[in-house]
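>>> have a look at this fold, sequence not included:
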């Protein structure tokens, strides 16, 4: 089986392609900030629904316990 050897020129080319990547987030900080804000707002809305659901279940449980005990 023949081995494939890279020439020094192709190795340098590959290294240049790997090392020369641009950072999209650093070029667009406003978009990243908007993504973070949208995520936090969404997380707050979801946590609000979960909190209301927990309070509702707790109120139903207390209502059931008080009417059974009477």
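It's in. Keep in mind the model is a prediction, meaning the values are calculated, not measured. Residues are numbered from 1 along each chain as shown.

>>> does residue 21 count as helix, strand or coil?
Each residue gets one of three states, and residue 21 gets coil by DSSP: H, G, I helix; E, B strand; the rest coil.

>>> need the contact list for it.
With contacts defined as CB atoms under 8 Å, 6 or more residues apart in numbering, residue 21 has no neighbours. To be clear about C-beta, it is placed using only N, CA and C from the backbone, and glycine gets the same treatment.

>>> for it, report the pLDDT, please.
We have a pLDDT of 71 for residue 21.

>>> so for the longest helix belonging to the chain, mean pLDDT?
Taking residue count as the measure and DSSP state H as the definition, the longest helix of the chain comes out as helix 29-69. Along helix 29-69, the predicted confidence averages to a pLDDT of 91.

>>> return the list of helices and strands in contact with it.
With contacts defined as 3 or more CB pairs under 8 Å, 6 or more residues apart in numbering; DSSP states H and E, there are no secondary structure elements packing on helix 29-69.

>>> repeat that for 10 Å
With contacts defined as 3 or more CB pairs under 10 Å, 6 or more residues apart in numbering; DSSP states H and E, the secondary structure elements packing on helix 29-69 are helix 24-27.

>>> and the contacts of the helix it packs on?
Defining contact as CB atoms under 10 Å, 6 or more residues apart in numbering, one finds that helix 24-27 is touched by 31-32, 35.

>>> quick check, nearest of these to residue 48?
Using CB to CB, residue 35 comes nearest to residue 48 of the contacts of helix 24-27, at 20.5 Å.

>>> count the neighbours of residue 32 for me.
Counted with other CB atoms under 10 Å, the neighbours of residue 32 add up to 13.

>>> quick check: it vs residue 43, distance?
Separation of residue 32 from residue 43 (CB to CB, to the nearest Å): 16 Å.

>>> same deal with residue 31?
From residue 31 across to residue 43, the span is 19 Å (CB to CB).

>>> next: residue 64.
According to CB to CB, residue 64 and residue 43 sit 32 Å apart.

>>> same deal with residue 52?
Applying CB to CB, the value for residue 52 to residue 43 is 15 Å.

>>> one more: residue 57?
Here residue 57 is placed at a distance of 21 Å from residue 43 (CB to CB).
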